[in-house]
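Q: all I have is the shape, not the residue letters:
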């Protein structure tokens, strides 16, 4: 008798359950759960993120390094990792805020996992900001300041990246009707 090989592929994420858990804290009519229920919900959200982070990350690493979707999804993965490592405060309101941050990360990663192109509404703005940040933090010309701490450096690339960020931000704000 031969034993069939065991599949090492992870089962797909249960997006419906993950979103339902997040909605218990983020829905417009959400009530503050009891401390015991909040603890359970926080642990569920933590578990959802532990499953979603590697799934989303491995999917987007296959995208082009210049892809806006990749940059945005990796930003969301990094943000989720920060939330996973954060410790909640002692008060009920601090624990609720911590759980809500976990829930927002769950929602974002569900969106990236669900969409084949891994786009999210803030992707162009976020990607432009990250490109600008990565360039300017390592560019000697961008970091030149005068005695008062005012930026005086002149970098064509930094200026172009800032303009791309400004335009992406403006497009998002105008697109949302604000």
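A: Perfect, thanks for sending it. Everything numeric here is computed off the predicted structure, so don't read it as measured data.
Q: what's the domain layout of this structure?
A: In the assignment given by automatic domain parsing, the structural domains of the chain cover 15-114, 123-175.
Q: got these as TSV, with mean neighbour count and mean pLDDT columns?
A: To be clear about C-beta, it is placed using only N, CA and C from the backbone, and glycine gets the same treatment. Converted to TSV, those look like this (neighbours: other Cβ atoms under 10 Å; pLDDT from 0 to 100):
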stretch	mean neighbour count	mean pLDDT
domain 15-114	17	90
domain 123-175	14	82
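Q: so what does residue 151 look like in phi/psi?
A: Reported as degrees, to the nearest 10, the phi and psi values for residue 151 are phi -70, psi 130.
Q: any idea how far residue 144 is from it?
A: Using Cβ to Cβ, to the nearest Å, we find residue 151 at a distance of 7 Å from residue 144.
Q: residues in contact with residue 17?
A: Neighbour list for residue 17: residue 48 [criterion: Cβ atoms under 8 Å, 6 or more residues apart in numbering].
Q: helices of the protein, start to end?
A: When secondary structure is read from DSSP state H, the chain shows helices at 15-26, 35-60, 68-85, 92-114, 123-138, 156-175.
Q: and the third one, what does it pack onto?
A: Okay, so that is helix 68-85. For helix 68-85, the helices and strands in contact under the criterion 3 or more Cβ pairs under 8 Å, 6 or more residues apart in numbering; DSSP states H and E are helix 35-60, helix 92-114, helix 123-138.
Q: please name the nearest non-neighbouring residue to the residue nearest in space to the middle of the chain.
A: Among the residues of the chain, residue 76 comes closest to the average C-alpha position under Cα atoms, centre = their mean, at 1.7 Å. Here the nearest residue to residue 76 in space, its sequence neighbours aside, is residue 108; by Cβ to Cβ, 6 or more residues apart in numbering that works out to 4.5 Å.
Q: ok, the residue nearest to the centre of the chain touching residue 110?
A: No: when contacts are counted by Cβ atoms under 8 Å, residue 76 is not listed as touching residue 110 (10.3 Å).
Q: just the endpoints, please. Distance across stretch 146-153?
A: Across stretch 146-153, the terminal residues are separated by 9 Å (Cα to Cα, to the nearest Å).
Q: that should have said stretch 84-91, apologies.
A: Across stretch 84-91, the straight-line distance between its terminal residues is 19 Å, by Cα to Cα.
Q: quick one: contacts of it?
A: So stretch 84-91 is in contact with 42, 46, 49-50, 53, 94-95, 97-99, 101-102, going by Cβ under 8 Å, 6+ apart.
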